[in-house]
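**Student:** 3D, please:
(chains A and B)
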Amino acid sequence: DSGVTQTPKHLITATGQRVTLRCSPRSGDLSVYWYQQSLDQGLQFLIQYYNGEERAKGNILERFSAQQFPDLHSELNLSSLELGDSALYFCASSAGQGAVTEAFFGQGTRLTVV
Amino acid sequence: GQSLEQPSEVTAVEGAIVQINCTYQTSGFYGLSWYQQHDGGAPTFLSYNALDGLEETGRFSSFLSRSDSYGYLLLQELQMKDSASYFCAVNRDDKIIFGKGTRLHILP
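**Tutor:** I've put the predicted structure just below:
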């Protein structure tokens, strides 16, 4: 158990809908990262937060947004969903930022858009 | 941009040694990491190289050469449970960027 909790584990929704994925980092970790992993693909970096502030952005679509709350949990919002958004979404956390030695991943949320 | 190249698949025999290479086209990063991911599971951290050279952790070793823009993960005494995907990653500018991963197949 990495200590990172993601909910829900599975999500099935229709095209055009909006969903929210939730992540609780390890106790004490200030950084949260979001990744998208499509079938047989690598981990695509979406966005990173540190202590409530957005610090880095990857190839995140405009339909997607995220935030990190004062209690350090984070949410990833996906809107106007398309079939191609079906993927595993991972959240990871680390104690700091920058020279991060190790990131701890949650078990992921499997999103299926039908 | 930042890109990391890894072989898509590698096959080895149980009990043998296998090396998974990672070449990159980026600079100014803090270190090179390796993660393991079993099918349907979460990536888990294996090793980190901040400096050039070899880091050893049990059956796993990782190597970095910044001058050659190259690193590798070495797995010894392969076990069937090592069948998984292995990702190299660099952290830079508050991002942790992953390669596309190498799927390791182990034959009995």
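**Student:** from now on I want contacts and neighbour counts done on CA atoms only, so please keep to that.
**Tutor:** Will do.
**Student:** run a quick neighbour tally on residue 25.
**Tutor:** Just so you know, I chose chain A. The local packing count at residue A:25 equals 28, with neighbours defined by other CA atoms under 10 Å in any protein chain shown.
**Student:** that was the other one, I meant chain B.
**Tutor:** By the other CA under 10 Å criterion, the neighbourhood of residue B:25 contains 11 residues.
**Student:** then residue B:36?
**Tutor:** The burial count assigned to residue B:36 is 22, neighbours taken as other CA under 10 Å.
**Student:** who's in contact with it?
**Tutor:** When the contact criterion is CA atoms under 8 Å, 6 or more residues apart in numbering or on different chains, the partners of residue B:36 are B:43-46, B:84-87.
**Student:** helix or strand for it, just tell me which one.
**Tutor:** Secondary structure from DSSP states H and E places residue B:36 in strand B:31-37.
**Student:** might you calculate how far that strand sits from the centre of the chain?
**Tutor:** Taking CA atoms, centre = their mean, to the nearest Å, the mean C-alpha location of strand B:31-37 is offset from the chain mean by 5 Å.
**Student:** what average pLDDT does whichever helix or strand comes after it get?
**Tutor:** Read in the C-terminal direction, the helix or strand following strand B:31-37 is strand B:44-49, with elements assigned using DSSP H and E. Taken as a whole, strand B:44-49 has a mean pLDDT of 95.
**Student:** distance of residue A:62 from chain B?
**Tutor:** The spacing between residue A:62 and chain B, counted by CA to the nearest CA, to the nearest Å, is 19 Å.
**Student:** that older thread, what subset of the contacts of residue B:36 is also close to chain A?
**Tutor:** Checked against chain A using CA under 8 Å from any CA of the partner chain, the contacts of residue B:36 yield the following neighbours: B:43-45.
**Student:** which of those residues has the most neighbours?
**Tutor:** Among the ones next to chain A among the contacts of residue B:36, the one with the most neighbours (other CA under 10 Å) is residue B:43, at 24 neighbours.
**Student:** not counting sequence-adjacent ones, nearest residue to the residue of chain B found nearest chain A?
**Tutor:** Chain A sits closest to residue B:100 of chain B, with a gap of 4.1 Å, by CA to the nearest CA. Spatially, and ignoring its direct neighbours in sequence, residue B:100 is nearest to residue A:42 (4.1 Å; CA to CA, 6 or more residues apart in numbering or on different chains).
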